[in-house]
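**Q** generate coordinates for the sequence data below:
(one chain, ligands or ions: 1)
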Amino acid sequence: MLKIEGLNSHYGRSHIIQGIDLSAAPGEVIGIFGRNGVGKTTLLKTIAGWVKPSSGTIRLGDVSLAGLEPDRITRSGVGLVPEDRRIFPGLTVEENLTLGLMQVRGRSASAGRAVISEIYDRFPRLRERRHQLGTTLSGGEQQMLAMARVLVGEPQLVLVDEPSEGLAPMIVAEVFAIVRELKERGAMVLLVEQNVHEALAVTDRFVVIERGRIVLTGEAEDAKDRERLMEALAV
Ligand SMILES: Nc1ncnc2c1ncn2[C@@H]1O[C@H](COP(=O)(O)OP(=O)(O)OP(=O)(O)O)[C@@H](O)[C@H]1O
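**A** Purely as a prediction, here's the structure:
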């Protein structure tokens, strides 16, 4: 269970996240929508510890995450797939995955190899290219690698930031298939996505953010809620 209460964060003097309350249950996918610059990325970064919250609480199960260092938050079961993918330059696909694994506590080398082998079964393209530098992959393959690098840690909470940006429709479908699989495995997913229609197909609930606050919440399957969502997002 994820429970965020009264979360605030700043960049310098700019108050970006302004009192957000949000919760998620295992197996739940929450769509986070809103126009550019409203704070969606900052919300994910604040949960992951890349931006320090100025106040508020973030609880994942029994663990209080607010204020912890990012590596500690990763080890507590949170994986962030950042918008810019952050493939480690100079490292092969396999080294990127190994590093992802090393960021998570308590895996022996052999268990680690088994996890990476499972990831390769899921992403055969990454197996084919495992000795290639990660940065030489196509955009779609880099997105898969960015997701796979987080999945090796078997996170309870996966934060995915605009995964479909700049990708061909077939790859976008693949990205959303992964989100669905995470859900089926009981993970919680917070999905920031501009591609609202596609995202709704994998989303249980959604929130709309404006100027750092949640201004609308709804159920993805509720026609009225979807109508309100489209109104809120209309420019
Ligand atoms: N490192 C930073 N330093 C200062 N201000 C920042 C920084 N990163 C983002 N901002 C500002 O914080 C606000 C929220 O940005 P954020 O990236 O969280 O929005 P977003 O909703 O994810 O938008 P987008 O869809 O464009 O990514 C914006 O006004 C942005 O200019």
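**Q** can I get the lowest-mean-pLDDT helix or strand in the chain as CSV, trimmed to CA atoms?
**A** Sorted by mean pLDDT, DSSP states H and E, the helices and strands of the chain end with helix 109-122, the least confident at a mean of 86. Taking C-alpha atoms only, helix 109-122 is exported to CSV below (Å, rounded to 0.1, in the frame of the first residue of the first chain):
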residue,chain,number,x,y,z
ALA,A,109,25.2,-13.3,-7.9
SER,A,110,23.4,-16.5,-9.0
ALA,A,111,20.0,-15.2,-8.1
GLY,A,112,20.9,-12.0,-10.0
ARG,A,113,21.8,-14.0,-13.1
ALA,A,114,18.5,-15.8,-12.9
VAL,A,115,16.6,-12.5,-12.8
ILE,A,116,18.5,-11.1,-15.7
SER,A,117,17.8,-14.3,-17.7
GLU,A,118,14.1,-13.9,-17.0
ILE,A,119,14.2,-10.3,-18.1
TYR,A,120,15.9,-11.5,-21.4
ASP,A,121,13.0,-14.0,-21.8
ARG,A,122,10.6,-11.2,-21.5
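**Q** how about whichever helix or strand comes after it: buried residues?
**A** Per DSSP states H and E, helix 109-122 leads on to helix 124-128 as the next helix or strand towards the C-terminus. Neighbour-count burial for helix 124-128, with 16 or more other C-beta atoms under 10 Å as criterion, is recorded at 125, 126. For the C-beta atoms, the positions are set from N, CA and C on the backbone; glycine is no exception.
**Q** now do stretch 80-95
**A** Within stretch 80-95, the residues that qualify as buried by neighbour count (16+ other C-beta under 10 Å) are 80, 81, 82, 83, 85, 87, 92, 93, 94.
**Q** please apply the same query to stretch 186-201.
**A** By neighbour count, and taking 16+ other C-beta under 10 Å as the criterion, the buried residues in stretch 186-201 are 187, 188, 189, 190, 191, 192, 193, 195, 196, 198, 199, 200.
**Q** pipe these into CSV and attach distance to residue 4 and pLDDT per row.
**A** Formatted as CSV, the entries for the buried residues of stretch 186-201 read as follows, by distance: C-beta to C-beta, whole Å; pLDDT from 0 to 100:
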residue, distance to residue 4, pLDDT
187, 17, 97
188, 11, 98
189, 15, 98
190, 10, 98
191, 15, 98
192, 15, 97
193, 19, 95
195, 24, 91
196, 22, 95
198, 25, 91
199, 20, 95
200, 22, 95
